[in-house]
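Enquirer: how does the following fold in three dimensions:
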Amino acid sequence: MPLPPRAAPAVMIPLQPESPDDVLPFAEFAVRRRARRLWMGQSLRCDAAQIFAHLAGGGLRVAVGTGVSLMALRTPYDAALQARSLALVTGRPVVAGYGTATPAFVASLHGEPWASARTAAGEFLAAMRALLDGGEADGRGTYHRVRAALPPTGPHAVVEVGAGVLRPAMARTAAASADVAVSWLTPPDYVRDVLVPALTAGADLRTPRVATVVHVAVDRPGRDPARIADSVVAAHLGAGHYVDMLRRAGVPLRAADDPLVKAKQLVESGVFVFGDPPHIARELARYTAAGVDEIVLNTGGVLFTHGERESLADLEDVFTAVEELHG
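Expert: The predicted structure follows:
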C-alpha cells in the first residue's frame, strides 16, 4: 500500500527541460506513486512555474516546489505573485524556494554582485512573506525596496516561502522569514548538528522545516558510482561554498581535487547514496531522524549516464523500498 503523502519522498525533476514533454515521465511518476511533492530547480530553458502550470492544465495535479529559483532573476513582488498564481492555477500546495546565486551571475544581471548576499536574501524573503501574508512590504531594504501589496484573491492552496540553505549563517538569516530551508548535498549529521540549531536560533516564531535533496542511484551491473555522481554534482563540487560546507560536515574535499576524486568521496561518505534499494531506504531514514521533514530524491546522475528509463526505474525501486521499510 502506498505511503501517505507526508511520509512519501518527494521527486526532483533532474534536468532543465526544453518542453513540458521532457518532464512528463517524472510528473506522471509523482502522481502515480503519491510523491510528497514534485520539485524543479532553476531552469533557464523553460521556467519551472510555467512547466508546473502546464502539467496541472493537463490533469497532472501535484504539490510542487522550486528548489531553488534564483533571486537575481525576479523582484520579491514578482516571486510572490508567481507563487500565489501557481497555487491558484494548480490547486495544490507550493513551495517557492529561492537562493542567492553566484556573485558572477548576480553581476551579470544587476551590474555588480550584492555586497552582502545574506542581507539581500533576508530582504527578499521578508518581502515575499509579507506580500503572501496579505500585507505590504516595508520598502526599507538595501537591495529590495518593495513598498506594495498583492491584490486580494479568494482561497487558494498554501504557499510556503523556501530558502536555499547550506551554511549556518544563511540558515539564521533565512529562518526569520522562510517556511522551508532547502538544502543540497547536506549530510544528515550536518543537518542535525549544524543547520537545525542555526535555523532554530534565527527563527522569529517557528523554526522552518527542512527539505533536503538527496542524490541516489541503485547499484546495478555496469554502473560506476563515481562517474554517476560526477555527472550530476560536478558543478556543485566546483563551487567553494559547497566544498566548504562538505568539509565542515567531515567530507575531506579539496577544491583542487580532480572532479572524479571528489565524486568518489561523496559516494564513500554516503552523501551520494549508492547501493541496493533497501540500503538507500535505510540511508534516507537517517535524514528523517536528523530532522529533515521532506526528502527530495534526485536520480539525475542515472539520467545523465544511463538514460531516463533507468532513472525512473531507480525511483520505482527506492519508493518501493521506502514503503517496505515503513511497513
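
Enquirer: for G164, which residues make a bridge with it?
Expert: Taking DSSP bridges as the rule, G164 bridges to V182.

Enquirer: burial count for it?
Expert: Applying other Cβ atoms under 10 Å, we find 25 other residues in the vicinity of G164. Every residue, glycine included, has its C-beta placed from N, CA and C.

Enquirer: go on, P14?
Expert: Neighbours of P14 under the rule other Cβ under 10 Å: 24.

Enquirer: which ones are touching it?
Expert: P14 makes contacts with 26, 232, 298-300, 303-304, 311, as judged by Cβ atoms under 8 Å, 6 or more residues apart in numbering.

Enquirer: excluding chain neighbours, what is closest to it?
Expert: Using Cβ to Cβ, 6 or more residues apart in numbering and skipping residues adjacent in sequence, the residue nearest P14 is G300, 3.0 Å away.

Enquirer: now do A117
Expert: Leaving aside its chain neighbours, A117 sits nearest to T100 (4.3 Å; criterion: Cβ to Cβ, 6+ apart).

Enquirer: neighbours of the one you found, just the number please.
Expert: Residues near T100, counting by other Cβ under 10 Å: 23.

Enquirer: from F304, how far out is it?
Expert: Here T100 is placed at a distance of 26 Å from F304 (Cβ to Cβ, to the nearest Å).

Enquirer: note down every partner strand of whichever strand in the chain runs longest and its orientation.
Expert: Secondary structure of the chain per DSSP state E: the longest strand is strand 209-218. Here strand 209-218 has these sheet partners by DSSP bridges: strand 180-184 (parallel), strand 273-275 (parallel), strand 294-298 (parallel).

Enquirer: including mean pLDDT and mean neighbour count, could those go into CSV?
Expert: Shown next, in CSV, are these (pLDDT from 0 to 100; neighbours: other Cβ atoms under 10 Å):
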stretch, mean pLDDT, mean neighbour count
strand 180-184, 98, 26
strand 273-275, 98, 21
strand 294-298, 98, 24
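
Enquirer: which of those sits closest to M12?
Expert: Shortest distance between M12 and the strands paired with strand 209-218, using Cβ to Cβ, is found for strand 294-298: 4.2 Å.

Enquirer: how far does that closest one sit from the chain's center?
Expert: 8 Å (Cα atoms, centre = their mean, to the nearest Å).

Enquirer: if we can go back for a sec, tell me the confidence at the residue nearest to P14?
Expert: We have a pLDDT of 98 for G300.

Enquirer: ok now do it, which residues does it touch?
Expert: Residues counted as contacts of G300 (Cβ under 8 Å, 6+ apart) are 12, 14-15, 215, 231-232, 311.

Enquirer: where are the low-confidence patches of the chain?
Expert: Scanning the chain for pLDDT under 70 picks out 1-6.

Enquirer: which helix in it runs the most residues?
Expert: Secondary structure assigned by DSSP state H gives helix 308-325 as the longest helix of the chain.

Enquirer: pull out the buried positions in it.
Expert: Using 16 or more other Cβ atoms under 10 Å as the burial criterion, the residues of helix 308-325 that qualify are 310-315, 317-319, 321-323.

Enquirer: with stretch 51-69 instead?
Expert: Using 16+ other Cβ under 10 Å as the test for burial, stretch 51-69 gives 51-56, 60-69.

Enquirer: now stretch 36-47
Expert: Under the neighbour-count criterion of 16+ other Cβ under 10 Å, stretch 36-47 has 36-43, 46-47 buried.

Enquirer: equivalent analysis for stretch 236-244, please.
Expert: 236-237, 242-243.

Enquirer: against V214, how distant is the residue nearest to P14?
Expert: From G300 over to V214 (counting by Cβ to Cβ), the distance is 11 Å.

Enquirer: one more: A48?
Expert: Look at A48 and V214: by Cβ to Cβ, they are 20 Å apart.

Enquirer: the protein: helices as residue ranges?
Expert: Assigned by DSSP H, the helices in the chain fall at 24-32, 48-57, 76-90, 103-110, 117-132, 168-175, 188-190, 196-202, 225-237, 240-248, 259-269, 277-289, 300-306, 308-325.

Enquirer: which ones are touching the residue minimising distance to the centre of the chain?
Expert: Nearest to the geometric centre of the chain sits G67, at 3.1 Å (Cα atoms, centre = their mean). By Cβ under 8 Å, 6+ apart, G67 lies in contact with 12, 39-41, 95, 97, 162, 164, 182, 184, 211, 213, 296.

Enquirer: at 10 Å instead, please
Expert: Going by Cβ atoms under 10 Å, 6 or more residues apart in numbering, G67 touches 10, 12-13, 37, 39-42, 48, 95-99, 162, 164, 180, 182-184, 211-213, 294, 296, 298.

Enquirer: show me which of the contacts of P14 is closest to T142.
Expert: After measuring these against T142 - Cβ to Cβ - the closest member comes out as N298, at 34.2 Å.
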